[in-house]
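[1] sequence plus the predicted model coming up.
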Amino acid sequence: MTQSNIKKISTAGLLITLGIIFGDIGTSPLYVFKSIIGDRQINEDLVYGGISCVFWTLTLQTTFKYIVLTLEADNKGEGGIFSLYALVWRYRHWLFFPAILGAATLLADGIITPPISVASAIEGLGNVHGLENTIIPGEPLTIGIVLGIISLLFFFQQFGTKVVGSAFGPIMLVWFSMIMLLGVVQISTYPKILSAFNPYYAYNLLARYPKGFLLLGSVFLCTTGAEALYSDLGHCGKKNIQVSWIFVKIALIANYFGQAAWLLHSGKTSLGNLNPFYEIVPHWFLIPSIFIATLATIIASQALISGSFTLISEAVSLNFWPRITIKYPSDIRGQIYIPSVNWILWAGCVAMMLYFKDSDSMAAAYGFSITVAMLMTTTLMFYFMKLVKKWSPWIYVPILCIFLTVEGSFFYANIAKLAQRWKFLIFEITIVYIMYIWYKARKITNRFLQFENLQSYIPKLLNLSKDISETKFATHLVYMTKANNPKSIEKRIIESILEKRPKRADVYWFVHIERVDDPYTMEYTVEEIVHDKIIRVDLRLGFRIQPRINLFFKKVLYEMAKHDPALDIHLADIRYIIIRRILSVENEFSLKEGFILNSYFAINSLAQTDKKAFGLDIADVTIEKTPLVVTPVQNIPLKKAGC
């Protein structure tokens, strides 16, 4: 099935959507109600209030904000916080900060969702007769099984998900059908639980139950997959997500209400080590249900890992992240593999599992990052509604007030979780630090780009090309230029060609990359400044397209050669010149600039080289270093001796 067909409403499209989009939010019944009840006494106020809060959270936050409203903020069919940022950045330049903060906290979700989901499924084996004393939450064997599954999941990322991906939809269909049926059976035994649709019970829990407001930290877990849902918009299309959500929400609500019904008619006064999800599963079906749950949690983890790869790829394209190795394990559009991100996430997941040990402890720490990500999306959505859609304040102000009230409440309730997870704030802070430094440093260095009028250098370039006294450097000499205007060129490029060691070539090429808002654009234009001698190529690439200049340039060259025999490319050699900046010692920085630029060059030393980032063959590239002088030293207290 093609990408365009996947985005059309069809049975296959809806099935694929179940497998790609709803894994994270779909596996939340494994731990949400267990977290809400905790070690509290089971009573009607707690159960009715808890299930009412879950229903209205899924309605206001997931359905209204994301399914109905935020999915409308698509960028040529693509979603996610960077897609949203690409739509609004030109109106307010400071919006880069909510974009990077939202991205960092969403990435943090990638190191806790796999362990909490898989652990919740595996711990269910403790309910199987004969395994009660073997599979114990927090014990080494249980931890080892979870870590083994997670490690295999990350190991197989390098091969892509083309083969197993086709099974994701049917598995999730079985999962949602199973949890819906289990819930309906329990509701039928205690139909009074349906009165919890009344929002009064939610209000009663939050306002009157002892420390009830803080229970929102547990309630919030039911909607943590909503932000990832928006990020995966481009894989399935808006209509497929909106239609399939009807089935998903019914299944989720049925299961949550079923768990609540069991709690009230079971006669238990406390939950202890029991998980309400597995308690509503018939004993004879326990092992199959755990197997299905494990598969569902693996799919949920897979979707989040793939989303993290996409997020970092977009960050690289938008100059928020250093260039890193990006691989394409299959021919599926948009499917990528980033080794460094993969193993960082794996290390984070392992650390999470070893630190928290069981799903209960992780649930107590889970949610803070996602509330921040949702608040950042709300910030960008406000400017999208106001400045892009140009809606009336009578529409967007009430919407904004609803979102800020709901998410502000969740944020306040989740602040308490910082005590359990403060050590893992280092992960988010590091991500934000790298993105901020990279963005600000690029702004600073771009200020010192000096451009020259290319026309005034044409005679010198032509003379050099004809000067047989100079050794020919290459047949085709290619420079990457940042000049948007074809009549301009960086001073450092002119100096590289004409000064120091002059570089004689038959043809001088200047290649410019323009990043466009459309995620998958791949276009080029050619302007012959001097026929067959000085040529400029403009590549228009979407922000989800990895530059592979070696392939792109050769394609352009071959297509031009078809119409111009003078461009002999069969025996010609192509040479790419990469001019790399180094920080000059002849600088006198302010404290802020010094911190940003020194951090930038330190990070850059660990980043992927330009030749790999641009997709260039190592044998065809020459690296030239040029010092960057941002703030030259003004007064040098050096005197001649004796004066």
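    Yep, it's here.
[2] can I assume Leu215 sits in a strand?
    No - assessed with DSSP: H, G, I helix; E, B strand; the rest coil, Leu215 is helix; it does not lie in a strand.
[3] now it: closest residue in space that isn't a chain neighbour?
    Leaving aside its sequence neighbours, Leu215 sits nearest to Ile36 (C-beta to C-beta, 6 or more residues apart in numbering; 6.1 Å). For glycine as for every other residue, the C-beta is placed from the backbone atoms N, C-alpha and C.
[4] give me the neighbour count for the residue lying closest to Phe64 once chain neighbours are set aside.
    Closest residue to Phe64 apart from its sequence neighbours, by C-beta to C-beta, 6+ apart: Ile402 at 7.7 Å. The local packing of Ile402 (other C-beta atoms under 10 Å) involves 15 other residues.
[5] for Ser409, see how far away Ile402 is.
    The gap separating Ile402 from Ser409 is 11 Å, by C-beta to C-beta, to the nearest Å.
[6] same deal with Asn275?
    Following C-beta to C-beta, the distance that separates Asn275 from Ser409 is 26 Å.
[7] how about His129, secondary structure?
    coil.
[8] can you check the pLDDT for it?
    The score at His129 is 79. That number is its pLDDT.
[9] next one: it from Asp467, what distance?
    Applying C-beta to C-beta, the value for His129 to Asp467 is 89 Å.
[10] more neighbours, these two?
    Shown here are His129 and Asp467; by other C-beta under 10 Å, Asp467 has more neighbours (11 against 7).
[11] apart from its chain neighbours, what residue comes closest to that one?
    Arg504 (6.2 Å).
[12] okay, and the beta partners of the one you found?
    Lys472 (DSSP bridges).
[13] quick one, grab the pLDDT at it.
    Residue-level pLDDT assigned to Arg504 equals 92.
[14] swap in the one 3 residues further on?
    Looking at Val507, its pLDDT is 90.
[15] tell me the SS of it?
    When classified by three-state DSSP, Val507 comes out as strand.
[16] mind checking the SS state of the spatially closest residue to it that is not a sequence neighbour?
    In space, and not counting its chain neighbours, Val507 is closest to His476: 5.0 Å by C-beta to C-beta, 6+ apart. Recorded secondary structure, His476: strand (three-state DSSP).
[17] any idea how far Leu263 is from His476?
    Distance of His476 to Leu263, given as C-beta to C-beta: 73 Å.
[18] repeat that for Ile25.
    In this view, Ile25 and Leu263 are 22 Å apart by C-beta to C-beta.
[19] more crowded one of the two?
    Neighbours were counted for Ile25 and for Leu263 using other C-beta under 10 Å; Leu263 has more, 28 against 25.
[20] so Asn255 is in which element?
    Element membership of Asn255 [criterion: DSSP states H and E] is helix 238-265.
[21] just the buried residues of that helix, please?
    Judged by neighbour count (16 or more other C-beta atoms under 10 Å), helix 238-265 contains these buried residues: 238-241, 244-245, 247-249, 251-264.
[22] next SSE after it?
    Counting by DSSP H and E, what follows helix 238-265 is helix 276-279.
[23] who are the packing partners of that next one?
    If contacts are counted by 3 or more C-beta pairs under 8 Å, 6 or more residues apart in numbering; DSSP states H and E, helix 276-279 sits against helix 32-37, helix 238-265, helix 286-317.
[24] any chance of those helices in a markdown table, plus mean pLDDT?
    A markdown table is the format used below for the helices and strands packed on helix 276-279 (pLDDT from 0 to 100):
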| stretch | mean pLDDT |
| --- | --- |
| helix 32-37 | 89 |
| helix 238-265 | 92 |
| helix 286-317 | 86 |
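[25] so the closest residue to Leu131 other than its chain neighbours: helix, strand or coil?
    Nearest residue to Leu131 in three dimensions, chain neighbours excluded: Leu125, at 5.2 Å (C-beta to C-beta, 6+ apart). Assigned with three-state DSSP, Leu125 falls in the helix class.
[26] surely Leu125 meets Glu132?
    No - the pair formed by Leu125 and Glu132 falls short of the contact definition of C-beta atoms under 8 Å, at 9.4 Å.
[27] so these two - more neighbours on which side?
    Set side by side, Leu125 and Glu132 show more neighbours around Leu125, with 20 against 12, by other C-beta under 10 Å.
[28] how much space between the more buried one and Ala613?
    Applying C-beta to C-beta to Leu125 and Ala613 gives a distance of 46 Å.
[29] contacts only, for the residue nearest the centre of the chain.
    Nearest to the mean C-alpha position of the chain, by C-alpha atoms, centre = their mean, lies Leu311 at 2.6 Å. Going by C-beta atoms under 8 Å, 6 or more residues apart in numbering, Leu311 touches Gly80, Ile81, Phe82, Ala103, Leu106, Leu107, Ser231.
[30] take the residues you listed and keep only those in strands.
    Applying DSSP state E to these, no entry is found in strands.
[31] buried only: go through those residues for me.
    By 16+ other C-beta under 10 Å, those give Gly80, Ile81, Phe82, Ala103, Leu106, Leu107, Ser231 as buried.
[32] residues contacting the first one?
    Which is Gly80. Tyr230, Ser231, Asp232, Leu233, Gly234, Gly307, Thr310, Leu311, Glu314.
[33] which of those residues lies closest to Tyr200?
    Tyr230 (30.8 Å; C-beta to C-beta).
[34] what about the residue nearest to the closest one when sequence neighbours are not counted, how many residues nearby?
    The spatial neighbour of Tyr230 that comes closest, neighbours along the chain excluded (C-beta to C-beta, 6+ apart), is Gly79 at 4.7 Å. Other residues within reach of Gly79 by the criterion other C-beta under 10 Å amount to 23.
[35] start the count at 496 instead of 1 going forward.
    Yes, from this point I'll number from 496; that puts the last item at Gly574.
[36] Gly574 contacts Ala723, correct?
    No - contact criterion C-beta under 8 Å: Gly574 and Ala723 do not qualify, at 10.1 Å.
[37] who has more neighbours out of Asn770 and Ser904?
    Neighbours of Asn770 and Ser904, each counted by other C-beta under 10 Å, are more numerous for Asn770; the result is 24 against 16.
[38] the more buried one against Lys529, yeah?
    Yes - using C-beta under 8 Å, Asn770 makes contact with Lys529 at a distance of 5.1 Å.
[39] from Asn628, how far off is Ala614?
    For Ala614, the distance to Asn628 - C-beta to C-beta - is 18 Å.
[40] tell me which of the two has more neighbours.
    Between Ala614 and Asn628, Ala614 has the larger neighbour count (other C-beta under 10 Å), namely 32 against 8.
[41] ok, now which ones touch the residue nearest to the more buried one when sequence neighbours are not counted?
    Distance criterion C-beta to C-beta, 6+ apart; nearest residue to Ala614, sequence neighbours excluded, is Ser854 at 4.3 Å. Going by C-beta under 8 Å, 6+ apart, Ser854 touches Leu525, Tyr526, Lys529, Ile611, Ala614, Ser615, Glu618, Pro632.
[42] same question for Ser864.
    Counted by C-beta under 8 Å, 6+ apart, Ser864 has contacts Thr600, Leu601, Ala603, Asp604, Ile607, Glu923.
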